[in-house]
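[1] Got a sequence here, can you build the structure:
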Amino acid sequence: MLKGKTPSGFVFLISDSRLNNMEMLDALAALDRGDGTQLSNVLHLLLTPEQKAKLYDHVRLEDGTVPIDKITEEIKAIFEANQQAKNS
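    Numbering: from 1, shown residues only. Alright, predicted model coming up:
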């Protein structure tokens, strides 16, 4: 289980099965190769629907939009927390 808080204050709790998922690795690899459409798939595989809604609300702007760059920052922070947990 990975739990923590991103620098912006988003609190997350992610099961080991969501982290240890080959489909997640495939989506991350495609994202790394430049397929930006995989960000949505990564979110779906990483977070529960409730967590995803909370993340969207966490970064939502006053005009109601959810900035892609803010979601990307949060996902990076979650994976950095996962890496730090592995190194501890």
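[2] Return the alpha-carbon coordinates of stretch 9-27 using CSV.
    The C-alpha coordinates for stretch 9-27 follow below in CSV (Å, rounded to 0.1, in the frame of the first residue of the first chain):
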residue,chain,number,x,y,z
GLY,A,9,-1.6,18.6,-0.6
PHE,A,10,-3.4,15.8,-2.5
VAL,A,11,-3.7,12.8,-0.2
PHE,A,12,-3.5,9.4,-1.9
LEU,A,13,-3.8,5.8,-0.9
ILE,A,14,-2.9,3.3,-3.7
SER,A,15,-3.1,-0.5,-3.4
ASP,A,16,-0.1,-2.6,-4.3
SER,A,17,-2.1,-4.3,-7.0
ARG,A,18,-2.7,-1.0,-8.8
LEU,A,19,1.1,-0.3,-8.6
ASN,A,20,2.2,-3.8,-9.7
ASN,A,21,0.2,-3.9,-12.9
MET,A,22,1.6,-4.7,-16.3
GLU,A,23,-1.1,-2.6,-18.0
MET,A,24,0.1,0.3,-15.9
LEU,A,25,3.7,-0.2,-17.1
ASP,A,26,2.5,-0.4,-20.7
ALA,A,27,0.6,2.9,-20.4
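[3] Which of the helices or strands spans the residue nearest to the spatial centre of the chain?
    Central residue of the chain (C-alpha atoms, centre = their mean): residue 75, 3.2 Å from the mean position. Using DSSP states H and E, residue 75 sits within helix 68-87.
[4] For that helix, what is the distance to the chain centroid?
    Mean-position distance between helix 68-87 and its chain equals 7 Å (C-alpha atoms, centre = their mean, to the nearest Å).
[5] Return the set of buried residues in it.
    By 16 or more other C-beta atoms under 10 Å, the buried positions in helix 68-87 come out as 70, 71, 73, 74, 75, 77, 78, 81, 82. The way it works is simple: take the backbone N, C-alpha and C, and place the C-beta from them, glycine included.
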